[in-house]
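Novice: Let me see the structure of the following:
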Amino acid sequence: MHCDAASLMQMPLFKNAVQHVDTAHRKLSRLFSVVWYDLSWRFAPPGTFRQRFEQAIVNMPQGICLYDAQDRLQLVNEQFCRIYSQPMASLHMGMRFHDILANSCAVGNYPGRTVEDIYRERKAHIDSRRPGTFLQELGDGRLIAIYHQPLEDGGWVCTYEDITERRRAESRIEFLAQHDVLTELPNRLLFNERLDEILAIAREDSPSALLCLDLDGFKEINDDLGHAAGDLLLKEVGRRLLANLRKGDTAARLGGDEFAILLHSASAAEAVATAHRVTTALNGKYELDQYGEANVGVSIGIACAPAHANEPEALLSHADKALYAAKSAGLGIPRLYDDHLKSETKTASSRSPLGKKRRQSSGLQALRQAANLADDLRAAMHAGHLYLNYQPIYDTCTRRLIACEALLRWNDPIRGNVSPLEFIPIAEDSGLIGPLTEWVLLHACKEAAAWPDPVQLSVNLSPLNLGQPSLVTTVTRVLNDTGLAPQRLILELTEGLLLERSNTVRNALLGLKDLGVELWIDDFGAGHANLSYLQRLTCNVVKIDRGFLDQHDKRRELLGGMISLAQSCGLRVLAEGVETIEHDALLKELGCDLLQGYLLARPMSAESLRTLISTSDFSVSESPSLALV
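Specialist: Model prediction:
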């Protein structure tokens, strides 16, 4: 293999070595040319000076070759022959440069290259009559620095030095300057450089992510087994990290048991998926040679650029807050930064009130149960334990089927049927809500694509979904993959989201509207949103919270007022929880547009819904809905 000067000289690794060789060889060649011409030793009779000069040539640490103006060899030393693995007897005075190159090729110094290619390249430099240094990599991997010096009579002299070991030493020094000695992962210096690089190119349509990691239980291992055992564990952590990342991503050790991961071109959902994969890889047992076994866990905080921040310090701060929240919760589940963490301080008492509340009320056992539930839920998405039921929504007057709300269910082989009221909060707390919502969207949209065109589908989003910058991209991809028209998809939002002032939520809502999907407001009346705000968002339907159907003195007045106000703003009204004939009659009297509840239809399987749809009349088209719970 041969590397020319133009390419290798640009490599930072070799610049210092080349500069050093260039200076030393230049001085040596000039000294040689002075001796050659001024002292005329070649024509002097044998004597003390000539013997000393010949001894100097023989004992030079560099190889040397002298050629005349016709490129014929005039002088060579044994060091040159050792460098190029050529017997001294194979070279003789007057031998042409082309023939010397042919000998060198024959012994394997330039695999894959012809003599003519090498000669043409070198001859062009010789004829330019310019001095210079270039690097040459031989077939056995050694690197040779060559200094070329033209002479006044048209000849030229070259010195050759094997700088392989120097290169390795300098490479190691440069590596250690930017890498952790123990794990050989990038250190904080190189991490900061790469963080700057990914932030410089992070965009809304090509985001990046930062994961901050902290080992749980590492201090106890150092205290109980000693620092040598801790070092072995850290080395293994570094190995497992590298095994679970894509090519081009960066895993770094920032110090102690603190690590970080940089993911380029990764959405929030992809970052969460990576965090769960890393968590699975790092959690558990480590074999530490003579020190025995040790068990550690890991806490991970995630922040995305540019959605959460586009400056290094800000992104690190957000990821650190998410890390501390994950660690304080004690679940061993990655935490994605969201707006709920904005106002939290860096004190243990306020960083994770949810985790603190759980510890106080349920104890360590409850935390472990929640962590196990999250792990099982993660596995259920891939093992076929999740499925969807569908509950129809009808037009109040015509009783035509307008919509089908999809209800997520989990039938675990060991736990049995797990209530959405139990696993949805765990999904939100563990960072699984993004992948879970995508699972529901994909399977429900695929099913709905086979329904008649009038029937729509609606997905009830978690508040955390709107804080994920990948939401619009995910919805677009699912619609494209399943072939469901955007106008047939409805996304149900909780009322509280409408009061969220973050740019991420605002951009997500605008992006969804631009995409063409409908937005419905779920549980309307349970929060604080006002109708003028709903009108500005151009929502399509408000779903009145089922609690307003409970029997109380002001039920008729409250329901009538809410329905009239919403309809005066151009919105349709859906009442859920319709379970009695009396509910049905009251809502019809008050002019409610859409009804949903056990009185009309219970949740059913996809197969049962297809049978129902096949017998329905769609001469008047309206619109339907899907929810997580």
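Novice: what's the nearest residue to Ser299 if we skip its chain neighbours?
Specialist: For Ser299, ignoring the flanking residues on the chain, the nearest one in space by CB to CB, 6 or more residues apart in numbering is Lys327 at 4.0 Å. C-beta: built from backbone N, CA, C; applies to glycine.
Novice: Quick one: low-confidence residue ranges for the stretch 451-600 of the chain.
Specialist: In the predicted model of the stretch 451-600 of the chain, residues 495-503, 525-538 satisfy pLDDT under 70.
Novice: can you map out the helices along it?
Specialist: Shown for the stretch 451-600 of the chain, the helices assigned by DSSP state H, counting those that start in this stretch span residues 471-482, 503-515, 531-536, 555-568, 581-589.
Novice: just checking, Trp156 touches Gln149?
Specialist: Yes: between Trp156 and Gln149 there is a contact at 6.5 Å, judged by CB atoms under 8 Å.
Novice: check which helix or strand covers the residue nearest to Ser299.
Specialist: Lys327 belongs to helix 312-329 when assigned by DSSP states H and E.
Novice: next helix or strand past that helix?
Specialist: strand 335-336.
Novice: now that next one, how far from the chain's geometric center?
Specialist: Remark: strand 335-336 is offset 14 Å from the chain centroid, using CA atoms, centre = their mean, to the nearest Å.
Novice: Check which helices and strands that strand sits against.
Specialist: Under the contact criterion of 3 or more CB pairs under 8 Å, 6 or more residues apart in numbering; DSSP states H and E, strand 335-336 touches helix 268-282, strand 293-305, helix 312-329.
Novice: mean confidence for that strand?
Specialist: Here strand 335-336 scores 88 as its mean pLDDT.
Novice: Contacts made by that strand with the rest, please.
Specialist: Strand 335-336 is contacted by residues 268, 271-272, 299-304, 322-323, 325-326, 329, 430-431, 434, 464, 468 when judged by CB atoms under 8 Å, 6 or more residues apart in numbering.
Novice: sorry, back to before: work out the gap between the helix holding Lys327 and the centre of the chain.
Specialist: Chain-centre distance of helix 312-329: 17 Å, with CA atoms, centre = their mean.
Novice: and that helix, which residues are buried?
Specialist: Residues of helix 312-329 classed as buried: 312, 315-329 (neighbour count, 16 or more other CB atoms under 10 Å).
Novice: can you check stretch 415-435 too?
Specialist: For stretch 415-435, using 16+ other CB under 10 Å, the buried residues are 418, 423-424, 426-435.
Novice: next one: stretch 70-85
Specialist: Buried, per 16+ other CB under 10 Å, within stretch 70-85: Asp71, Leu73, Leu75, Val76, Asn77, Gln79, Phe80, Cys81, Ile83, Tyr84.
Novice: Could you report the pLDDT at the nearest residue to Leu213 once chain neighbours are set aside?
Specialist: Closest residue in space to Leu213, ignoring its immediate chain neighbours: Phe259 at 4.2 Å, by CB to CB, 6+ apart. Here the pLDDT value assigned to Phe259 is 96.
Novice: Phe259 in helix, strand or coil?
Specialist: Here Phe259 is recorded as strand under DSSP: H, G, I helix; E, B strand; the rest coil.
Novice: Any idea which helix or strand in the chain has the lowest mean pLDDT?
Specialist: helix 348-351 (a mean of 34; mean pLDDT, DSSP states H and E).
Novice: so where's the stretch 301-450 of the chain uncertain?
Specialist: 329-331, 339-340, 342-368.
Novice: would you list every one of the helices in it?
Specialist: 312-329, 348-351, 353-383, 420-430, 433-448.
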